[in-house]
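In: The amino acid sequence is not available; the structure is as follows:
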């Protein structure tokens, strides 16, 4: 009975941890989008170009991020 209880507690902790991490990711993306929206069109173009280049390198299998 004790083993089952320990397994359930560990599983619950893992599920809660994953839920918190997922929420933080969504919040970070939303914050980034709000910051981009607040930029002037000239500054926004520079940032979107950089993000696009990063996306292109990660699609090619380069996960270094630079």
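Out: Yep, that arrived. Predicted model only: the values in this text are computed from it and were never measured. Numbering: from 1, shown residues only.

In: ok, and the closest non-adjacent residue to residue 47?
Out: Across the structure, with C-beta to C-beta, 6 or more residues apart in numbering as the measure, the residue nearest residue 47 apart from its sequence neighbours is residue 36 (6.1 Å). Using the backbone N, CA and C atoms, a C-beta is placed for each residue, glycine as well.

In: which residues are in contact with stretch 20-40?
Out: If you take C-beta atoms under 8 Å, 6 or more residues apart in numbering as the criterion, stretch 20-40 is touched by 44, 47-48.

In: Identify those among those that sit within strands.
Out: Using DSSP state E, no member of the contacts of stretch 20-40 sits in strands.

In: need the longest helix for this protein.
Out: In terms of residue count, the longest helix belonging to the chain (DSSP state H) is helix 2-38.

In: Do me a favour and average the pLDDT over it.
Out: In this model, helix 2-38 has an average pLDDT of 84.
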